[in-house]
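*Asks:* Predicted coordinates and the sequence they were generated for:
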Amino acid sequence: MTPNGWTQIIVFLFVILVITKPLGIYLARVFEREKTFLDPLARPIERLIYKLTGVDEATEMRWTEYTVAMLLFSAASMVLLYLIERVQLWLPLNPQHFANIAPDLAFNTAASFTTNTNWQSYSGESTMSYLTQMAGLAYHNFVSAAVGIALAIAVIRGIARRERETIGNFWVDLTRGLLWVLLPVCLVVALVFVSQGMVQNLRPYDKAALVEPQQVTTTGNDGKTTTQTVTDQVIAQGPVASQEAIKMFGTNGGGFFNANSAHPFENPTPLTNFLQLLLIFAVPSALTYTLGFMTGSRRHGWAVWMAMVVVFLAGVTVAYWSEAKGNPLLHGADQRATSMQPGGNMEGKEVRFGIADSGLFATVTTDASCGAVNGVHDSYTPLGGLVPLVNIMLGEVIFGGVGAGLYGMFVFIILAVFIAGLMVGRTPEYLGKKIESYDIKMAMLAVLIVSMSILIFSAIASVEKFGTSSISNPGPHGLSQIMYAYTSAAGNNGSAFAGLNTNTLWYNTSMAFVMLMGRFFMVIPILAIAGSLARKKITPASLGTFPVTGPLFTVLLVSTIIIVGALTFFPALSLGPILEHLQMLAGKVY
Amino acid sequence: MPTPEKSKLLTDSHLITVAIVDSFRKLSPRVLYKNPVMFVVEVGAVLTSIEWAYDLAHRVPGTGFGLQITLWLWFTVLFANFAEAMAEGRGKAQAETLRKAKAETPARRLKRDGTTEEVASTALRSGDHVLVAAGEFIPGDGEVVQGVASVDESAITGESAPVIREAGGDRSAVTGGTRVLSDEIKVLITSNPGETFLDRMIQLVEGASRQKTPNEIALNILLAGLTIIFLLAVVTLQPYAIYSGAPQTLFVLVSLLVCLIPTTIGGLLSAIGIAGMDRLIQRNVLAMSGRAVEAAGDVDVLLLDKTGTITLGNRQATRFFAASGVTDEDLANAAQLASLADETPEGRSIVVLAKQKYGLRGRELSPHNPTFIPFTAQTRMSGVDLDGQEIRKGAAEAIEKYAGTHGQRVPKEILEAVQAISTSGGTPLLVARNRKVLGAIQLEDVVKGGMRERFEQLRAMGIRTMMITGDNPLTAAAIARQAGVDGFLAEAKPEDKMALIKSEQMKGKLVAMTGDGTNDAPALAQADVGVAMNTGTQAAKEAGNMVDLDSNPTKLIEIVEIGKQLLITRGALTTFSVANDVAKYFAIIPAMFAAAFPALEILNVMHLRTPQSAILSAVIFNALIIVALIPLALRGVRYRPVGAEALLRRNLLIYGVGGVIAPFIGIKLIDMIVTYLHWA
C-alpha cells in the first residue's frame, strides 16, 4: 500500500462527503415537487408527458397501488427489451448484422436490465446491435434507476408521514427522477467522457492491420484442431459515452463491451475512472441525507451514512491490502510497489489504474449494487475477492444501488431498532413510529427472500452437473464462482467473478429468476412496511426514546448488518474464499 | 395478596419438583409448536434420536458421540420448558390460595317479599341482592346498597387491617371472597359466577388466560424468521460440503442448526412475560391484559392526582403572620383557642404549630365557660366564645366580611400576606378577636418526601408528569413548582382530565393515570394505562386495565418501571442470544471441515481439543446458558432510571459485547471439562 493509493481513496471519500448534502437536498426538493433551477427546462416536458399519458400528478397512491404501478411498468419494459433482443437482426442500426438472441439469454438479459442488475451472460460487442444497446439496454439503465430512486423516496415518505394512507405517485416519481436527476447529469457527464477519448458513434467496427500476424489454434466441436493466421484486428465502436454515464450514475454496471470499465473505450483515463467511482456513490450517498432531510432528523441520515462508510472503509482496506500484498506463492518475484511498477497482485488489473484504484473500484462497485468492473474479480487474491462477495452478501446496503441501497438499509434499520430497541425499556420505535409485528414480518420476509434465493440456487448448482460443468477452476474457487454468481444476481449487483460460464440454459433461467426475486419480491414487503409506517402516529422524541442518531446507533447498525447479514453466509464462505485463502497460505492453489 | 415467600422462588424445592415434571409434560408437540424455535430443536432431537437408534442397530462405530449430542438436544428443550414451568409455578401456588377463598359459601338472597332464602354463591346472578352479616363471607362481587361494615379483604390484598365499605360514594365496592367483620350490609351482586374478580385473578396468576402481548408476538416472528434463515443456511451447507468432498453427519448438522437459532431467547421468552406479570402481582397490582404491561413501559405522560399522590393530602399550618400591633404569640394563642375544638387535620395542625413555635399548650377551657362555634358552609368560620371574647378563624373572605360588618378593615400588611400565601400555593386563614383581625395563618399542602427526586428520575427516562388538582391555578402552580412536576391541570373536572388525555394521545403520546371514583371511569378507559384503586368503585375497576389492590396511587411509577424492565429483559436476552452465534461459528465450522481441510484449523481460535469435543461443547453451552439465564429472566434485568442513550450503551455493552465474548469463554471451559471427562 502506498501513500499515493491511500490519498486517492481519501480524496474520493471526501468528495462523496461534500456532494452528499447538496445533492440530498436537491433530491428531496425534486420529489417533494418544490422549485428547482431545472424547472424552466423540465417542467414543460413533465406536463406534456402527463398530458399524453393521462397521469394526474395530484393524486397519490396507497402502497399497494404504488407497487402495482411499479410492477406493471417494469413488466412492460422487460417484455419490450425481450422483444427487441429477439428480433434485432431485422431492425435498423445493426451494422455488424448480429443475430437474434436466443430465448434463454434474451430472458436473462431482459430480467437483468429490468432489475438494475445488469448481469451479462454475453459480450456486448459481439452480441448486441446498436439499437438493442440504445433503445433496449440504455433505456433500462435509465428507467430501472429511476424506479429504484422512486421506491426509496416512497419508503422515506412512509417513514416521514403521519397517519396517511398514501406514499406518493409512482408515475410522478418516475418521471421526475428521469427529468430532474438522471437525464441532465448524464447529458453533461457523457460530454465529459467524450472529451476524455470515449467513443460515441454508430459506425461499423473498424479494422486495423496487425503489425505482426498471429497464429491462432482452435479446437472445433469434432475435436480437430485448426490453425489460422490472423492479420488484422477488429476494433469495436458504438455509442459508448452516452451509455457509460448512466451505467455508473444509475448503478447499473452493464458494460457496452465485455471488458466493461477495463476497456479503454469505456474508461480511458484515471480521470474517467475517478468520475465513474463518484457517479456510483453519488445518489446512494445523497439519499441518506434525503432520508434525514425528509424525516426531519438529519443526524439520523448522517448516522446511516456513517454506518455505510465504516463498512466501506473496512472493505476497501482489506481489498487494497490483500491485493497490494501480492501473491505469497510467487517467492522469487519482486511484488513491491516502486516508481517503476505497481507491485502486488496485478493479475487481471489494468496497468493504467493500478492496485489502489482497482481495489477501490471493486469495493465501490459491489458496495453499491453497480457491478461495473475495471478489473477481473476472479483474478483477485482470495481475500481481495472475498470483499466484493461479502459486500454483495450484506444485502447491497453499503450505499447500495440507487434507491435499492437505502430501502435495503431500511430493513436492517428496522431489525436493529427492533432487536436492540427493547433495551431502552420501550416497545421499539423508529423515528417515532412503533415497529410492530406486521413490520417485522415483512422485514424478515425481505431478508429471507434474498438469502433463500442465494443459498438454495447455489446449493443446487454446486451438486448438479449442469451447475458444476460451468466452473473454470475446481475446488473452493469454483464454489466461490457459483456463490458469487447467485449472490450478484440476488443483490442485483451484476458484477461477475468471471470464470463461470453462465450462458447456459440453467444459469440463464435460474439467475433471471433470482434477479427478479432479489428486486421485486424483496421490495414488495419493504413497500408494505412503508405503507404501514405511513399510517402510524408519530410519538414525539423524548429522553426515553431509542436514539437513532450518533455513533452508538452507527455501531449498532453495523453490528446488525454484519451479524444478521453475514452470519447467514459464513458457513458457505468458509468453504469458498476463506478456505481458498488458507489453502493458498498452505501452498495449495486451484 | 398472599404471596408464598417472595425471595425463595429459585430455592423452593416443591416449586422446582413441580416444574421438572411440567417440563416433561411440555415436550408434547401440541404444546411446543407455539414456540417455533424450541419446536425446531425438538424436531432435531427426534431426528438425531432416530439416527442414533439406527446407528446402534447397525453397529455403526462411534455412537457415543451421537448419543451425547442427542441427549443434550433433549436437555435444551427440557431446560426451556423448565424455565417456563418455573415462571408459572409461583402463579399456580397463588392460585391455590385464592381458590380456597373462592370455596363455595352460602348466600342469603333477598326475595321480592323481603324475606331471605339461602342459596349457594354459585347460584347468584348479576342483579341479585344479598344480605351479609358480621362473620359471613361476601358471596360475590357487588356494590353495597345499604349499610356500612368493616370488611377483611386480606384474602385478596394480603392487607390484614379491615376496611370500611359503605353504601353510596366511592367506597361501595365489595369483592367476593372477602369477609364482613362487623355490622350487616345489603349488597347488589354485579357479576355472574365465573366472571368475578376472584375468578379473573386466579386466571391471571395462573397464566391460564395469558395471551401473547403485541411485542411478544412481533419478537416471536423475528425469532421464527431467524430460525428459518439459519435452517436454510444449514440445509444448503450440506450440498456445499458434498461439493467440497466433506459431507457432514446428521448429528453435526443438527448441532450447528440448534446452536445458531436463537434458542436462548426462544427458550426464555414466555418465562420473561410470565415473570413480568408476576412482578406486578408481587406488588399487588393486577394487570387485566399483558398489553397494558407493555404499554406501561411506553408511557410518555403520567397523570397524577395531587391529593394523596403528590401531597400528603391534608393541609398543615406552617406559619403565622401577625398584624402590626399584634404579637406573634398573641395571634398564635388566639388561633389555638379557635382551633381547640376543631378536629379536622387543619385545626389540629394549628394547635400543634402554636405549641411547637410558642410553647402554647392546649388548655382546659371549661372554667371559662366556652361556647364553641362549629364550622358551617354559610359562615365558613369556626371559633370559640369565652370570657366575652369572640375568637374566629376562617377563610379570608369570610373573616373580611365578618370584620367588615363592624367597620373593621383587614390591615394592609395582612392583605399582602394573604396574597403571598395564595401565590405560594398555600391556603390563608384569618384570625379575628372581637371582630378585629389579628393576623393570618398559612396552611400548606405538604409535598410527600422524595417525590421531587422521583419526578426527576422520570424526566430522565423521558416521562413527563402532570399534576391533576381541583385547586385554583395559582395554588396549583405553586405546588407543581414545589413538587417538581412538569405541568398541572388546575380546577380539573373529570371532562378536563379526559380532554387532556385525548390531546396528549393526539400528539402520539401514551398516557397513564390512576383513579378511583365513578367519574374517573371514562378517563381510566381512555388512558393507555389506567390503574384503578381497589377501594374505588366497581365502575372505575371495570374501566381501568389494572387494579392496585393496595390502592396506592404512587404505585403508578413502579408499574412504569416494571413495564420497562420487562421490555429491557426481552431485548437484552434477544441481543445476547444473537450475539452468541459468532463464537458458535468459530467452534463448529472448523470442527466440521478441519478433517478434510486442515488449513481451516486456524479458525479454531478457542483451540478446542477435537472436532467432536468442539461440537459437543457448543451444544452443551447452548443448553446450559438457558438454565444459567433463568434467574435473570425471572428476576428481570435491573432497571436504572436514566435516559435511553445511557441505558442502551450500558445494555449493549453487557448483553451485546458480553454476548459475543461469553460463549468463547464458556465453550472453551466446557471443552476442557468434556476432554477431562473423556466424553469426546
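*Replies:* Perfect, thanks for sending it.

*Asks:* Could you verify my assumption that A:Gly124 touches A:Phe256?
*Replies:* Yes: between A:Gly124 and A:Phe256 there is a contact under C-beta atoms under 8 Å: 5.2 Å. Glycine gets a C-beta too; all of them are placed from N, C-alpha and C.

*Asks:* shared neighbours of the two, anything?
*Replies:* Common neighbours of A:Gly124 and A:Phe256 (criterion: C-beta atoms under 8 Å, 6 or more residues apart in numbering or on different chains): A:Gln133.

*Asks:* Just want to know which of these two has more residues nearby.
*Replies:* The neighbour count for A:Gly124 versus A:Phe256, taken as other C-beta atoms under 10 Å in any protein chain shown, is higher for A:Phe256 (28 against 23).

*Asks:* and the gap between that one and B:Gly666?
*Replies:* As judged by C-beta to C-beta, to the nearest Å, A:Phe256 and B:Gly666 stand 56 Å apart.

*Asks:* Show me the residue at the heart of the chain, geometrically.
*Replies:* Using chain A here. What sits nearest the mean C-alpha location of chain A, by C-alpha atoms, centre = their mean, is A:Ser369, with 1.8 Å.

*Asks:* Actually, chain B is the one I wanted.
*Replies:* Compute the mean C-alpha point of chain B, and by C-alpha atoms, centre = their mean the closest residue is B:Ile559, 3.2 Å away.

*Asks:* Correct me if wrong: B:Asp44 contacts B:Leu260.
*Replies:* Quick fix: residue B:44 is Gly, not Asp. No: using C-beta under 8 Å, B:Gly44 is not in contact with B:Leu260; the gap is 11.4 Å.

*Asks:* Contacts only, for the closest residue to chain A within the stretch 101-250 of chain B.
*Replies:* Proximity of the stretch 101-250 of chain B to chain A (C-beta to the nearest C-beta) peaks at B:Gly225, 3.0 Å away. Applying C-beta under 8 Å, 6+ apart to B:Gly225 gives the contacts A:Ile440, A:Lys441, A:Met444, A:Leu445, A:Val447, A:Leu448.

*Asks:* can you pick the most crowded of the residues you listed?
*Replies:* Neighbour-wise, the contacts of B:Gly225 (other C-beta under 10 Å) top out at A:Ile440, 26 neighbours.

*Asks:* tell me the secondary structure for that one?
*Replies:* The three-state assignment at A:Ile440 reads helix, by DSSP: H, G, I helix; E, B strand; the rest coil.

*Asks:* could you list every residue that touches it?
*Replies:* Per C-beta under 8 Å, 6+ apart, neighbours of A:Ile440: A:Ile414, A:Phe418, B:Ala218, B:Leu219, B:Ile221, B:Leu222, B:Gly225.

*Asks:* Now do the buried residues in stretch B:83-102.
*Replies:* Applying a neighbour-count criterion of 16 or more other C-beta atoms under 10 Å in any protein chain shown, one finds B:83-95, B:97-98, B:101-102 buried in stretch B:83-102.

*Asks:* hang on, the earlier thing: quick check: closest non-adjacent residue to the residue nearest to the centre of chain B.
*Replies:* What sits nearest to B:Ile559 in space, not counting adjacent residues and going by C-beta to C-beta, 6 or more residues apart in numbering or on different chains, is B:Ala296, at 5.0 Å.

*Asks:* in a helix, that's where that neighbour is, yeah?
*Replies:* Yes: B:Ala296 forms part of a helix when assessed by three-state DSSP.

*Asks:* how about the residues of the stretch 151-300 of chain B near chain A?
*Replies:* In this structure, the stretch 151-300 of chain B approaches chain A at residues B:214-215, B:217-219, B:221-222, B:224-226, B:228-230, B:232-244, B:256, B:260, B:294, B:297-298, B:300, judged by C-beta under 8 Å from any C-beta of the partner chain.

*Asks:* one step back: look at the residue nearest to the centre of chain A and give its secondary structure.
*Replies:* coil.

*Asks:* Which other helices and strands does the helix or strand hosting B:Phe488 contact?
*Replies:* Using DSSP states H and E, B:Phe488 maps to strand B:487-489. If you count contacts as 3 or more C-beta pairs under 8 Å, 6 or more residues apart in numbering or on different chains; DSSP states H and E, strand B:487-489 packs onto strand B:464-468, helix B:473-483, helix B:494-506.

*Asks:* Direction included, what does that strand pair up with?
*Replies:* strand B:464-468 (parallel) (DSSP bridges).

*Asks:* got the contact list for the residue of chain A most remote from its centre?
*Replies:* No residue in chain A has its C-alpha farther from the mean C-alpha position than A:Lys224, which lies at 42.2 Å (C-alpha atoms, centre = their mean). Going by C-beta under 8 Å, 6+ apart, A:Lys224 touches no other residue.

*Asks:* how near is it to B:Ile272?
*Replies:* Distance from A:Lys224 to B:Ile272, by C-beta to C-beta: 74 Å.

*Asks:* Is B:Gln442 in a helix, a strand, or coil?
*Replies:* B:Gln442 ends up strand, using three-state DSSP.

*Asks:* pretty sure it is touching B:Gln316, no?
*Replies:* No: in this structure, B:Gln442 is not within contact of B:Gln316 by C-beta under 8 Å, at 9.5 Å.

*Asks:* So these two - more neighbours on which side?
*Replies:* B:Gln442 (22 against 19).

*Asks:* what's the closest non-adjacent residue to that one?
*Replies:* What sits nearest to B:Gln442 in space, not counting adjacent residues and going by C-beta to C-beta, 6+ apart, is B:Arg319, at 4.1 Å.

*Asks:* Neighbouring strands - and their directions - for the longest strand seen in chain A?
*Replies:* With DSSP state E setting the assignment, residue counts place strand A:206-219 as the longest strand in chain A. Here strand A:206-219 has these sheet partners by DSSP bridges: strand A:225-235 (antiparallel).

*Asks:* For chain B, give me the ranges with low pLDDT.
*Replies:* B:1-11, B:101, B:103-104, B:158-159, B:170, B:207-210, B:308, B:313, B:362-366, B:680 (pLDDT under 70).

*Asks:* Apply 50 and report the result again.
*Replies:* Low-confidence segments of chain B (pLDDT under 50): B:1-9.

*Asks:* Verify the stated contact: A:Glu163 with A:Arg535.
*Replies:* Yes: with contact defined as C-beta under 8 Å, A:Glu163 reaches A:Arg535; the gap is 6.4 Å.

*Asks:* Between those two, which has more neighbouring residues?
*Replies:* The neighbour comparison of A:Glu163 against A:Arg535 (other C-beta under 10 Å) goes to A:Arg535, with 17 against 10.

*Asks:* List the residues that contact that one.
*Replies:* A:Arg535 sits next to A:Glu163, A:Arg164, A:Glu165 when contact means C-beta under 8 Å, 6+ apart.

*Asks:* Relative to A:Val147, how far out is the last one?
*Replies:* Noted for A:Glu165: a distance of 22 Å to A:Val147, by C-beta to C-beta.

*Asks:* more neighbours, those two?
*Replies:* Shown here are A:Glu165 and A:Val147; by other C-beta under 10 Å, A:Val147 has more neighbours (29 against 12).

*Asks:* Next, the contact list for the more buried one, please.
*Replies:* By C-beta under 8 Å, 6+ apart, the residues touching A:Val147 are A:Met70, A:Phe73, A:Ser74, A:Asn116, A:Leu174, A:Gly403.

*Asks:* In contact with the nearest residue to A:Ala490 once chain neighbours are set aside, which residues?
*Replies:* Excluding the flanking residues, the one nearest A:Ala490 by C-beta to C-beta, 6+ apart is A:Gly518, at 3.9 Å. Taking C-beta under 8 Å, 6+ apart as the criterion, A:Gly518 is in contact with A:Thr115, A:Thr117, A:Ile449, A:Val450, A:Ser453, A:Ala489, A:Ala490, A:Gly491, A:Asn492.
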